[in-house]
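Enquirer: Have a look; sequence and predicted model below, questions after that.
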Amino acid sequence: MSPALDYFASSKVASVRFLNEAKTSPDIPGSPSDAETYYNARLDPVNYLEGPLSSNPATRLRQMLARPGIVVAPGICDGISARCAIEAGFNCLYQSGAATTASRLGQPDLAIATLNDFVEAASMVCSINPTTPVIADADTGFGGPTMVARTVTQYAKAGVAALHIEDQVQTKRCGHLLGKQVVSREEFITRVRAAVLARDAIPGNSDFVSGGHLSRLIRPGSSFFSQVIIARTDSAQVLGMEEAIIRLQLAAKVGADVCFIEGVRTKELLESTVAALAPKPVLVNVISGGLTPSFTSNEAEAMGAKIIIFSLVSCVAMVHAVRLAMQSLKKTGTDFTSAQGMDPRAFFKVMGLDAVMEFDAQAGGSAFKDI
């Protein structure tokens, strides 16, 4: 038996447990039994409270979630917007499904983009600064449990630190549009459970070093993938907030690390959601003009949210800016005004020109000595 297979055979006993002593589930259809409650000692938040931030993006995100402060992740849609977000000082990025569909395909967020579209975009974004955590939209997981598992694996290979799986039907739409339909509780929980199992079956890629009581659970030298699984429900607008909270409680029971109710309409509803799901971190999605009020990051933190994403911040700004530039070019016959004094070198500096030149020189190259 290979070392990797041997490791996971051991870790299923030592690291991932299903606890009978966990809180009793609501007595409702689709509820996992107490014996099915997921617990992974390796991913317990207490393990991420101390020490320097990891260079592994998934581990780093877990450290950020375990420590004080809200995680602010601006929505990016391409390499330019990712570069601008990093330049502005953001330490986490969000790859929006809507923004990716728009930027790569020029299409609305109506289940048109495929897994390949999302993975290719994520691979590019994650490569820009491999230590910066990227949270990525994974829609419905693109199919049944096996396809959800393939999605998780492909995202992990791309370097994605966290992904969210939702409960819309396969012909889904943007969570801030009307007319949404959702699958049953059972199917949603199956999706989340498949994502967790797939994540736990990926060898390696976490530099987290166990200590204390964990050193007795994990074999010395073994590694574990720490990708964050986020359960998202769109059921609030379809079946009500009570059902949405129940779905996320069940998702947390089968291993979701973070809970995400799409379209929370008021401050009071967000606060009650946080209270109902505690101690699980809650993610809130803010889109100007969408279903959720335009909470600031400070306001969301005061309400108890742990992650706030601004899904369309870059692509909406891009539409406005490009429209103005095109209208100006059409009217004046020149791009002088829209360029605002930015020459090609200044543009490429935003895209990492200096780092490329420096690396080329360190390697002994001379092609880019004079640019």
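Expert: Everything's here; your move. Numbers count the residues shown, from 1 in each chain.
Enquirer: shouldn't residue 227 be in contact with residue 155?
Expert: Yes. In this structure residue 227 lies within contact range of residue 155 using CB atoms under 8 Å: 7.4 Å. For the C-beta atoms, the positions are set from N, CA and C on the backbone; glycine is no exception.
Enquirer: Overlap of the contact sets of those two?
Expert: Common neighbours of residue 227 and residue 155 (criterion: CB atoms under 8 Å, 6 or more residues apart in numbering): residue 163.
Enquirer: for the longest helix anywhere in the chain, what is the average pLDDT?
Expert: Longest helix in the chain, counting residues (DSSP state H): helix 313-332. For helix 313-332, the mean pLDDT works out to 97.
Enquirer: Run through the neighbouring helices and strands of it.
Expert: Contacts defined by 3 or more CB pairs under 8 Å, 6 or more residues apart in numbering; DSSP states H and E place helix 313-332 against strand 71-76, helix 79-87, helix 97-105, helix 336-339.
Enquirer: Could you rerun that using 7 Å?
Expert: Under the contact criterion of 3 or more CB pairs under 7 Å, 6 or more residues apart in numbering; DSSP states H and E, helix 313-332 touches strand 71-76, helix 97-105, helix 336-339.
Enquirer: Would you reformat the ones you listed as TSV and include mean pLDDT and mean neighbour count?
Expert: Output for the helices and strands packed on helix 313-332, formatted as TSV (pLDDT from 0 to 100; neighbours: other CB atoms under 10 Å):
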stretch	mean pLDDT	mean neighbour count
strand 71-76	98	25
helix 97-105	96	21
helix 336-339	96	13
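Enquirer: Tell me which of the ones you listed lies nearest to residue 237.
Expert: Between residue 237 and the helices and strands packed on helix 313-332, the shortest separation by CB to CB is 16.3 Å, and it involves helix 97-105.
Enquirer: Output the closest one in PDB with nothing but the alpha carbons.
Expert: The C-alpha atoms that make up helix 97-105 are tabulated as PDB, following Å, rounded to 0.1, in the frame of the first residue of the first chain:
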ATOM      1  CA  GLY A  97     -19.400  33.300 -10.300                       C
ATOM      2  CA  ALA A  98     -21.400  36.100 -11.800                       C
ATOM      3  CA  ALA A  99     -18.300  38.200 -12.400                       C
ATOM      4  CA  THR A 100     -16.400  35.200 -13.900                       C
ATOM      5  CA  THR A 101     -19.300  34.400 -16.200                       C
ATOM      6  CA  ALA A 102     -19.500  38.100 -17.300                       C
ATOM      7  CA  SER A 103     -15.700  38.600 -17.800                       C
ATOM      8  CA  ARG A 104     -14.900  35.200 -19.500                       C
ATOM      9  CA  LEU A 105     -18.100  34.700 -21.500                       C
END
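Enquirer: Could you name the helices and strands sitting against that helix?
Expert: Applying 3+ CB pairs under 7 Å, 6+ apart, we find helix 97-105 packed against helix 115-128, helix 313-332.
Enquirer: buried residues in the first one?
Expert: Going by neighbour count (16 or more other CB atoms under 10 Å), the buried part of helix 115-128 is 115, 117, 118, 119, 121, 122, 125, 126, 128.
Enquirer: what helix or strand does the closest residue in space to residue 316 that isn't next to it in sequence sit in?
Expert: Closest residue to residue 316 apart from its sequence neighbours, by CB to CB, 6 or more residues apart in numbering: residue 288 at 7.2 Å. According to DSSP states H and E, residue 288 maps onto no helix or strand at all.
Enquirer: Same check on residue 273?
Expert: Applying DSSP H and E as the criterion places residue 273 in helix 267-277.
Enquirer: contacting residues around the helix or strand just after that helix?
Expert: Using DSSP H and E, the helix or strand that follows helix 267-277 in sequence is strand 282-285. The contact list for strand 282-285, computed with CB atoms under 7 Å, 6 or more residues apart in numbering, reads 230, 258-260, 262, 264, 270, 273-274, 292, 295, 300, 304-309, 311.
Enquirer: give the contact list for the residue nearest to the spatial centre of the chain.
Expert: The centroid of the chain falls nearest to residue 135 when counting by CA atoms, centre = their mean (2.2 Å). When contacts are counted by CB under 7 Å, 6+ apart, residue 135 is found next to 73, 92, 94, 161, 162, 309.
Enquirer: Would you list the phi and psi of the residue lying closest to it once chain neighbours are set aside?
Expert: Spatial nearest neighbour of residue 135, excluding adjacent residues (CB to CB, 6+ apart): residue 162 at 4.4 Å. When read as degrees, to the nearest 10, the backbone of residue 162 gives phi -150, psi 150.
Enquirer: how far away is residue 162 from residue 65?
Expert: For residue 162, the distance to residue 65 equals 9 Å [CB to CB, to the nearest Å].
Enquirer: Go through the helices and strands packed on helix 313-332 and name the closest to residue 244.
Expert: Closest approach to residue 244 among these is made by helix 97-105 (19.3 Å; CB to CB).
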